[in-house]
Structures are given as structure tokens and as C-alpha cells.
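Asks: Mind looking at a prediction? Sequence and model below.
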Amino acid sequence: MGADIKSLRTRIRSVDSTLHLTKAMGLVASSKIRRATQNMGRSREYTAAMDEVVDQLKAAPECAKSPYMAPKGAGTRLIVIAGDRGLAGGYNANVFRLAATEPAAQIIPIGKRACDRFGEGYLSSEHFSAEDARNLAEEQCKAFLAGEFGRLGILYTRYQSMMTQVAEIKWVLPLTAEPGGKTTPTIFEPDEQTVLNAAVPTYVGGILAACVRESFASEVAARRMAMDSAGKNAQEMIDRLQLQYNRARQNTITQEITEIVAGSGL
């Protein structure tokens, strides 16, 4: 019985240590959520404004001749955004599961977990800057024009709510005009195609930065929910173990009293 009590005490201390860890990680995630969602919101506004302008340009007949509208190369290049660390529920697993649906794609990873899986890339998704996005976008636009690949996508995690985040692929290049798109009276100088070609690297960089920020917001939200769930499970386990421990202690004390009473009667 003594061995059982000692074992239960050890397990309770172990689970309690885990509980403190999950609480700490949950608090860290909570402290990052507000800033992450604010950055995500600003990025969404920026990309929405850029989409409006680029959509006008793509609808112009002159832009059908743009090299960004007709790929020279073949194959797929995929920028995969994952987290810098684990313990975020299914966040990273969902990203890698979706990446597996494009087995022939050339992968450019962002985030330590993605780099660990796919090779060299950008080690941090949390600290991926606007300058990083601009430089990477310019590199990919040049490679696209050189015919190194025919399609560019960004695999990121879309933030729906604190409870729901969805991994998906946003296809960026080649540009595609919406069927039946309407032109606007906006005048572009010197002409629509020149403006579009000049704007594409900035446009791709803006989309990339927005996807990274949205993925990071999804990561901290997923980690917060995972740590809350783990904390609740740990507390329930502690309560069960504590009940078993109390019962074992009670049985031990009862047995000792019984032995004392039986011994005093001899």
C-alpha cells in the first residue's frame, strides 16, 4: 500500500508540473493574440485595397499580354507557412497534410517547423518581416518570368475564429482575370500593362505578408485553445489521482489502526 501511495504522489507532482507548463504557455499565447489579430486585420485591409486595383488592371484587354498572365514554365512552387514551435493542436499537422497533396511542388518553407520538414528557408514565421516578404516576392516573380515554374501558391492557415483555423492554398501566379470582369474609368499612366507589371512584385509581397500574419494569428489561437484543453485535462487527472491518493491513505490509516487495536488485545 505504501508503494501505491508513493507512486500516486509522484504522478500527482508530475501532472501538476505539466499543468503549470500549459498555463504558462496559454498565458504567453493570450498575450500575443491581440497584437497578432490586429496585424492580421491591417494586412487584410491592405490586400483588399491591392486586390481592387489589380482586378481593374487584369480586366483591361491590354493586360492579357502581360507575362504574369501567361506562364513560360511548368511545375508548381509552393511557399509553405508553418509555426516556429509545436503544442498548437493540429495547426502544423494540417499544414503538412495539405502540402502532401502537392507532392511534386518545389517547397519554400517559412517557420521553424516547416524548415525542419522541408529544408532551408525562413526560420521564423513570427518574425517574418515586410522586407522579407518583399524580397521573397521579388525573387519569385523573377523566377516565374524566367520560366523556372508555372504556378506559385502560398499554403497558409486562414483565421476564422478562436475556435476555427483552416489550412488552404492561395494561388498567386499566374494572374487570372475574372470572367466577365468589368473595366473601370480609372486611367493608368503610362498604360495598364506597364502599371500591372510594375505592381505585381509589390502585390505578391503584400499577399505573402498577409498570409504569414494570418497564419501566426491562427497559430497562437490554436495554441491557446490547445493549452486550455490540456490544462483542463491535467486538472481532471489531478483530481482523480488525488481521490485515489486520499482513498489509499485512508485505507492505510484504517489498516494501521486495526493492527494497533488487534495488538493491544493480545
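Replies: Received the coordinates, thanks. Owing to the predicted nature of the structure, the values given are computational and were not obtained by experimental measurement.

Asks: Doesn't Val80 belong to a helix?
Replies: No. Val80 is assigned strand when assessed by DSSP: H, G, I helix; E, B strand; the rest coil, not a helix.

Asks: shaky segments in the stretch 51-200 of the chain?
Replies: Scanning the stretch 51-200 of the chain with the threshold set as pLDDT under 70 gives 179-185.

Asks: Spell out, range by range, the helices that occur in it.
Replies: 91-99, 112-118, 130-145, 192-264 (DSSP state H, counting those that start in this stretch).

Asks: Redo these as CSV? Include mean neighbour count and distance to Leu173.
Replies: Placement of C-beta: from N, CA and C, glycine included. Output for the helices of the stretch 51-200 of the chain, formatted as CSV (neighbours: other C-beta atoms under 10 Å; distance: least, C-beta to C-beta, whole Å):
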stretch, mean neighbour count, distance to Leu173
helix 91-99, 19, 18
helix 112-118, 20, 20
helix 130-145, 18, 5
helix 192-264, 18, 7
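
Asks: Which among the ones you listed is found nearest to Arg158?
Replies: Of all those, helix 192-264 sits nearest to Arg158, with 6.2 Å by C-beta to C-beta.

Asks: and the closest one, how far out from the chain's middle?
Replies: 16 Å (C-alpha atoms, centre = their mean, to the nearest Å).

Asks: Measure how that helix sits relative to helix 130-145, angle-wise.
Replies: Helix 192-264 runs at 120 degrees relative to helix 130-145, counting by axes from the mean of the first three to the mean of the last three C-alpha atoms, to 10 degrees.

Asks: Surely Gly150 is in contact with Tyr68?
Replies: No. Counting by C-beta atoms under 8 Å, Gly150 does not reach Tyr68; the two are 11.9 Å apart.

Asks: tell me, what's touching those two both at once?
Replies: Pro174 (C-beta atoms under 8 Å, 6 or more residues apart in numbering).

Asks: Between those two, tell me which one has more neighbours.
Replies: Tyr68 (23 against 16; other C-beta atoms under 10 Å).

Asks: Would you confirm that that one contacts Pro174?
Replies: Yes. With contact defined as C-beta under 8 Å, Tyr68 reaches Pro174; the gap is 6.0 Å.

Asks: So for the two, which residues contact both of them?
Replies: With C-beta under 8 Å, 6+ apart, Tyr68 and Pro174 have common neighbours Phe144.

Asks: re earlier: tell me which of the helices of the stretch 51-200 of the chain sits nearest to Tyr156.
Replies: helix 192-264 (3.8 Å).

Asks: If you count contacts, what does that closest one end up packed against?
Replies: In terms of contacts (3 or more C-beta pairs under 8 Å, 6 or more residues apart in numbering; DSSP states H and E), helix 192-264 is packed against helix 2-59, strand 76-81, helix 91-99, helix 130-145, strand 151-159, strand 165-173.

Asks: and Ile257, which of these is closest to it?
Replies: helix 2-59 (15.7 Å).

Asks: what's the offset of the closest one from the middle of its chain?
Replies: So, by C-alpha atoms, centre = their mean, the centroid of helix 2-59 is 9 Å from its chain's centroid.

Asks: Just want the angle from it to strand 151-159.
Replies: Using the same axes, to 10 degrees: helix 2-59 against strand 151-159 is 130 degrees.

Asks: Report all helices and strands that helix 2-59 contacts.
Replies: So helix 2-59, by 3+ C-beta pairs under 8 Å, 6+ apart, packs with helix 192-264.

Asks: Can you check what angle separates the helix it packs on from strand 165-173?
Replies: 160 degrees.

Asks: just the helices and strands packed on helix 192-264: most buried one?
Replies: strand 76-81 (a mean of 24; mean count of other C-beta atoms under 10 Å).
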